[in-house]
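Engineer: Make a model of this:
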Amino acid sequence: MHSSITAAYLTRYRSLASAAGTGPDPAPLLPLTGAQRRFLITRHRDRLARTDIVPLFFAFPRGTVDLPRLRRAALRLARRHPALRGEFTVLRGTPVLRLGEPSVEVARVQVDPSGPAAAGAAAAGAAAAGAAATGASAPGPAADAGTAAGLPDGPARAALLRALLDWPTDGPALRLLLAAGPQDEEELLAVALDHAACDEQSLGLVTEGLGAAYADPDGGEDAPGAGQAEAVEEYRAAVEGQLATEARAAGEAAQQHWAARLGALADAPESSGPAGAARSTGMAVDRLPAVTGAARSGVFPALLDAVAAAAHRLDGGDRVLALGYPWGGRPADTAPVLGCFLNTLVHPAPPGPPRPLDALGADWWDDLDHADTPYDEVVRAARSAGASWSGALDGLLTFEDLHRRPPLVLGGAAGREVHLAGRPLAAPIAVSASHGEDLLVRLAWDRERYSDAAAEAAFATLLATLRHHLGTGA
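Structural biologist: As a prediction, the model looks like this:
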């Protein structure tokens with residue numbers, strides 16, 4: 001009989017939660033989704049591991065952002081969301097959220113005008129790899145795509161990236177960091193979250209909530225405890241609903257599906273590159289015409305095959321590669337709470353020429369039928385079929401709808417979203433695609449593993465594969 005990882009977690013969590021308040025630590029404990037637990041277990045097992053973070057960067061006219069006002073707005077937001085109020089921790093081997101005070105930092109980052117911007121960007125690549133897993137790195141409606149083509153070109157950008165590298169493993173869950181060089185006409189604001197506290201939908205709640213609290217004439221102040229009990233129950237219900245979905249999705253049928261799909265996966269040879277998060281990253285960008293009509297349904301399968309082609313160009317071997325992509329979201333009728341409710345699906349990519357798009361689409365749709373199977377269960381299924389695979393990914397693909405996230409508006413000014421090279425990576429390569437008025441595609445790579453020339457050649461392969469599948473107009 002199959003033993004559910006989710007059911008085992010719930011048993012341990014309920015035992016801990018029932019004892020909360022009777023021992024020396026009375027703080028209430030809340031459960032975590034499968035994705036949240038993976039982040040915490042990784043940190044718990046490796047004390048040198050960095051917190052997985054999801055950063056957004058916004059440029060405002062210099063002098064727009066009032067830090068005390070922003071701090072009040074951030075505290076108000078945190079009081080309304082349990083994921084920003086307390087500590088993600090592991091108690092007796094069980095990941096939980098221990099409620100407490102708002103977990104927020106709002107600060108101005110000192111900028112060294114003579115410091116090497118490129119060095120700061122390279123160092124920041126060692127930060128944790130949250131962005132690629134949520135799609136947060138894809139640009140919003142007012143994105144500055146031009147800055148994504150190379151390393152940050154100013155000391156303020158390098159200073160922010162260095163500051164994000166120095167993220168304590170015990171929090172905070174939300175950091176708002178502001179930086180501007182002496183001669184800069186704009187100031188840059190980093191809105192960064194612990195990945196355990198957010199996914200793509202959460203980012204919209206954060207930008208909208210921060211802007212509303214900042215604009216509130218009472219300064220963003222709430223009465224102590226206002227609405228907090230209701231928020232806790234909404235969070236608990238959302239997570240328990242997600243856990244129930246994960247438990248149902250981990251049955252024998254799902255195990256058989258993923259065993260058949262992923263049984264040929266194998267980890268990369270140990271000598272193929274450094275372990276851990278990338279310490280130096282590069283980026284390449286291109287824009288293709290938007291895909292219209294019935295062809296839009298083929299965009300994601302075409303992207304999967306294009307990423308596979310690029311990954312094989314860089315890998316140079318004949319093994320089946322593991323490509324990950326986030327999918328899913330909150331259960332139906334779930335309250336708008338912050339947290340990570342996404343699951344990471346795995347696409348097996350064998351070497352060879354591009355596959356027919358209809359076959360790619362059929363396999364993808366079959367995988368989506370089992371999209372709620374927790375990642376740990378997927379890895380276990382693959383290993384049961386003989387895969388010598390630890391769960392490590394060879395590449396990541398994220399895809400964002402440009403109209404789902406509200407802009408960040410402070411003091412009547414809408415922040416212009418910018419994208420910085422040197423961003424955290426969770427895999428040797430990460431591809432982000434945004435489909436709106438056009439199709440913006442970005443490839444980021446680990447420079448310790450691949451040369452810029454090799455990565456740029458792989459990006460050309462990726463674009464050629466996309467055009468092959470989507471037509472010459474793409």
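Engineer: Can you show me the helices along the stretch 101-250 of the chain?
Structural biologist: 117-123, 131-134, 155-165, 200-215, 228-248 (DSSP state H, counting those that start in this stretch).
Engineer: I'd like to know which of these is closest to H435.
Structural biologist: helix 200-215 (14.1 Å; Cβ to Cβ). No exception for glycine: its C-beta is placed from N, CA and C like everyone else's.
Engineer: Buried residues, the closest one. List them.
Structural biologist: Residues of helix 200-215 classed as buried: 200-211, 213-214 (neighbour count, 16 or more other Cβ atoms under 10 Å).
Engineer: how far does it sit from the chain's center?
Structural biologist: 17 Å (Cα atoms, centre = their mean, to the nearest Å).
Engineer: re the thing from before, which of the buried residues of helix 200-215 sits closest to S15?
Structural biologist: Taking the buried residues of helix 200-215 together and measuring to S15 by Cβ to Cβ, the closest member is S202, at 28.5 Å.
Engineer: So that closest one sits against C340, correct?
Structural biologist: Yes. Counting by Cβ atoms under 8 Å, C340 is a contact partner of S202 at 7.5 Å.
Engineer: low pLDDT regions in this structure?
Structural biologist: 1-2, 21-27, 46-50, 115-153, 219-226, 270-279, 401-403, 421-424, 472-474 (pLDDT under 70).
Engineer: Just give me the neighbour total for Q228.
Structural biologist: 16 (other Cβ atoms under 10 Å).
Engineer: what do you get for the one 4 residues further on?
Structural biologist: Neighbour count for V232, taken as other Cβ under 10 Å: 18.
Engineer: and if you look at the one 3 residues further on?
Structural biologist: When neighbours are defined as other Cβ under 10 Å, Y235 has 23 of them.
Engineer: So which of the helices of the stretch 101-250 of the chain is nearest A349?
Structural biologist: Nearest of the helices of the stretch 101-250 of the chain (Cβ to Cβ): helix 131-134, 16.6 Å.
Engineer: Is the closest residue to G411 other than its chain neighbours in a helix, a strand, or coil?
Structural biologist: Leaving aside its sequence neighbours, G411 sits nearest to T64 (Cβ to Cβ, 6 or more residues apart in numbering; 5.1 Å). Three-state assignment for T64 (DSSP: H, G, I helix; E, B strand; the rest coil): coil.
Engineer: tell me the phi and psi of T64?
Structural biologist: Backbone torsions for T64, taken as degrees, to the nearest 10, come to phi -70, psi -40.
Engineer: That one and A414 touch, don't they?
Structural biologist: No. Using Cβ under 8 Å, T64 is not in contact with A414, being 10.2 Å away.
Engineer: isn't A83 right up against L205?
Structural biologist: No. A83 sits out of contact with L205 when judged by Cβ under 8 Å, with a separation of 10.0 Å.
Engineer: what's the spacing between the residue nearest to G411 and R416?
Structural biologist: Per Cβ to Cβ, to the nearest Å, T64 is found 11 Å from R416.
Engineer: check contacts around G209.
Structural biologist: Contacts for G209 (Cβ atoms under 8 Å, 6 or more residues apart in numbering) come out as L77, R80, H81.
Engineer: which of those residues lies closest to A306?
Structural biologist: H81 (36.6 Å).
Engineer: Which parts of the stretch 201-350 of the chain are strands?
Structural biologist: For the stretch 201-350 of the chain, the strands defined by DSSP state E, counting those that start in this stretch occupy 281-289, 321-327, 343-349.
Engineer: Also the stretch 1-150 of the chain?
Structural biologist: Under DSSP E, counting those that start in this stretch, the stretch 1-150 of the chain gives strands at 29-30, 53-61, 85-91, 94-102, 104-108.
Engineer: sorry, back to before: go through the helices of the stretch 101-250 of the chain and name the closest to E456.
Structural biologist: Nearest of the helices of the stretch 101-250 of the chain (Cβ to Cβ): helix 117-123, 17.5 Å.
Engineer: Now for T64 and A414: what residues contact both?
Structural biologist: Between them, T64 and A414 share no contacting residue, judged by Cβ under 8 Å, 6+ apart.
Engineer: OK, contacts around the residue nearest to E437 when sequence neighbours are not counted?
Structural biologist: With sequence-adjacent residues excluded and distances taken as Cβ to Cβ, 6+ apart, E437 is closest to A290, at 6.0 Å. Listed by Cβ under 8 Å, 6+ apart, the contact set of A290 reads H435, G436, E437, D438, L439.
Engineer: any idea how far the first one is from A458?
Structural biologist: In this structure, H435 and A458 are 21 Å apart, going by Cβ to Cβ.
Engineer: neighbour count winner among those two?
Structural biologist: Remark: of H435 and A458, A458 carries more neighbours, 23 against 20, as counted by other Cβ under 10 Å.
Engineer: So that one, which state does it fall into?
Structural biologist: Applying three-state DSSP: A458 is helix.
Engineer: so it touches L314, yeah?
Structural biologist: Yes. Contact criterion Cβ under 8 Å: A458 and L314 qualify, at 4.9 Å.
Engineer: any residues in contact with both of those two?
Structural biologist: The contact lists of A458 and L314 share I429, W445, Y450, where a contact means Cβ under 8 Å, 6+ apart.
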